[in-house]
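J.: sequence-free structure coming up:
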């Protein structure tokens, strides 16, 4: 009942990662607790976070019975014990409990899904092979296994499973992050200096980088087209010709769908939808500030133009006044010249009159 090795595109067999057991955590009674570091978004990051997530996977597999249909139906006693186990081995923030417990539930569901598609569905027509749990998972209780197998072979579940398989086959925009995830990618980018703050990073950038190979290329045409669409939308947002509303940011606009409840695409686990909304608010505020600054600059330039026009008008009025004054002076000068000419004529006439008078007087004598 062991699953066959996975194969890569070349057809060669690939070494499969074995079952994670973490004996240094599960069997070690050392009281030293490992301190988990958190990023600005409250996501566990760093080497200790990797151990934390792996340990959570071990706990989800080994401590939570398979008989429960949903995580919400798992008794609180099991969940309290899971949390206590985490606190014994790690120093974790109490405010992250809800998100970590949700992640435990996800790992438990993932384990059930793996058992179903690997050890149950392929052998649904061979009941003899379904009587006992896989030897690899000998910690599974026999009664739990029987109930689990029975629930997975109902017509209702098989129809649901087939619909999910068909739905999954249509996914063309898959990431290439493996276990690192978006959290590890963002942390890696910050360490490399590609981003200054994880809190401010655009999730559309993370979405694109998660789908690039080591050369920074997109190996899928569908992904490449989507990345180009994201770049075009981002350009429009930066130019101010497009603004996202609420959680409908650049990535959501490009993908054409809003976020589903409980997860945020492009950011990884432990991030709520409120983060996108707050980023949108910040973006809108920044856009408002930029628009305000542009308007102030426009007003300043308009005022400068108006002042220049006023100066030009004043200069033209002064020049006109000077021309008018000059014209008046010229007219005055002409008048003065005319008066001067008249005075000279009168003086000449007077002198002639005096001379004539003297001559007559002499003749009389």
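T.: Thanks, I have the structure now. Given the structure is predicted, the values throughout are model-derived calculations rather than measurements.

J.: Tell me the confidence at residue 218?
T.: Residue 218 carries a pLDDT value of 87.

J.: With residue 162 instead?
T.: Per-residue pLDDT puts residue 162 at 89.

J.: Report the central residue of this structure.
T.: Taking Cα atoms, centre = their mean, the centroid of the chain lies closest to residue 202, which sits 1.9 Å from it.

J.: who's in contact with that one?
T.: Residue 202 is in contact with 234, 250, counting by Cβ atoms under 8 Å, 6 or more residues apart in numbering. All C-beta atoms are positioned from the backbone trio N, CA, C, and that covers glycine.

J.: Tell me the spacing between it and residue 100.
T.: As judged by Cβ to Cβ, to the nearest Å, residue 202 and residue 100 stand 26 Å apart.

J.: and if you look at residue 332?
T.: Computed with Cβ to Cβ, the distance linking residue 332 and residue 100 is 101 Å.

J.: Between those two, which has more neighbouring residues?
T.: Neighbour tally, residue 332 and residue 100, criterion other Cβ atoms under 10 Å: the higher count belongs to residue 100, 22 against 10.

J.: Please look at that one and residue 86 and confirm they touch.
T.: Yes. With contacts counted by Cβ atoms under 8 Å, residue 100 reaches residue 86, the gap being 6.8 Å.

J.: Show me the common contact partners of those two, please.
T.: Common neighbours of residue 100 and residue 86, using Cβ under 8 Å, 6+ apart, are 56, 92.

J.: following the lowest-mean-pLDDT helix or strand in the chain, which helix or strand shows up next?
T.: Lowest by mean pLDDT, DSSP states H and E among the helices and strands of the chain is helix 23-26, with a mean of 63. Sequence-wise, the next helix or strand downstream of helix 23-26 (DSSP states H and E) is strand 34-35.

J.: Mind listing the strands that following strand pairs with, and their directions?
T.: Strand 34-35 has the following sheet partners, assigned by DSSP bridges: strand 90-91 (parallel).

J.: Please, where are all the helices along the stretch 51-200 of the chain?
T.: Using DSSP state H, counting those that start in this stretch, the helices of the stretch 51-200 of the chain run over 76-89, 97-115, 142-152, 155-169, 181-191.

J.: before we move on, what about the stretch 201-350 of the chain?
T.: Along the stretch 201-350 of the chain, counting by DSSP H, counting those that start in this stretch, helices occupy 203-209, 221-239, 250-255, 273-364.

J.: okay, the ones you listed in TSV with distance to residue 37 and mean pLDDT next?
T.: Formatted as TSV, the helices of the stretch 201-350 of the chain follow (distance: least, Cβ to Cβ, whole Å; pLDDT from 0 to 100):
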stretch	distance to residue 37	mean pLDDT
helix 203-209	19	83
helix 221-239	30	87
helix 250-255	26	81
helix 273-364	19	78
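
J.: among those helices, which is nearest residue 120?
T.: Nearest to residue 120 among the helices of the stretch 201-350 of the chain is helix 221-239 (31.9 Å), distances taken as Cβ to Cβ.

J.: Can you point out the buried residues in the closest one?
T.: 223, 226, 227, 229, 230, 233, 234, 237 (16 or more other Cβ atoms under 10 Å).

J.: same thing with stretch 168-187?
T.: For stretch 168-187, burial by neighbour count (16+ other Cβ under 10 Å) applies to 175, 177, 180, 181, 182, 183, 184, 185, 186, 187.

J.: any idea how far the residue nearest to the centre of the chain lies from residue 333?
T.: 79 Å.

J.: One more: residue 258?
T.: Taken as Cβ to Cβ, the span from residue 258 to residue 333 is 88 Å.

J.: And for residue 177?
T.: 95 Å.

J.: same question, residue 302
T.: For residue 302, the distance to residue 333 - Cβ to Cβ - is 46 Å.

J.: what about the residue nearest to residue 133 when sequence neighbours are not counted, neighbour count?
T.: Once flanking residues are discounted, residue 133 sits nearest to residue 140: 3.9 Å by Cβ to Cβ, 6 or more residues apart in numbering. Using other Cβ under 10 Å, residue 140 has 18 other residues around it.

J.: ok, now residue 67?
T.: By the criterion of other Cβ under 10 Å, residue 67 has 16 neighbours.

J.: for residue 105, same thing?
T.: Using other Cβ under 10 Å, residue 105 has 18 neighbouring residues.

J.: quick one: contacts for the nearest residue to it once chain neighbours are set aside?
T.: Once flanking residues are discounted, residue 105 sits nearest to residue 71: 3.6 Å by Cβ to Cβ, 6+ apart. Residue 71 sits next to 105, 108, 109 when contact means Cβ under 8 Å, 6+ apart.

J.: Rebuild these as a markdown table, extending it with distance to residue 144 and pLDDT.
T.: A markdown table is the format used below for the contacts of residue 71 (distance: Cβ to Cβ, whole Å; pLDDT from 0 to 100):
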| residue | distance to residue 144 | pLDDT |
| --- | --- | --- |
| 105 | 17 | 95 |
| 108 | 13 | 96 |
| 109 | 15 | 95 |
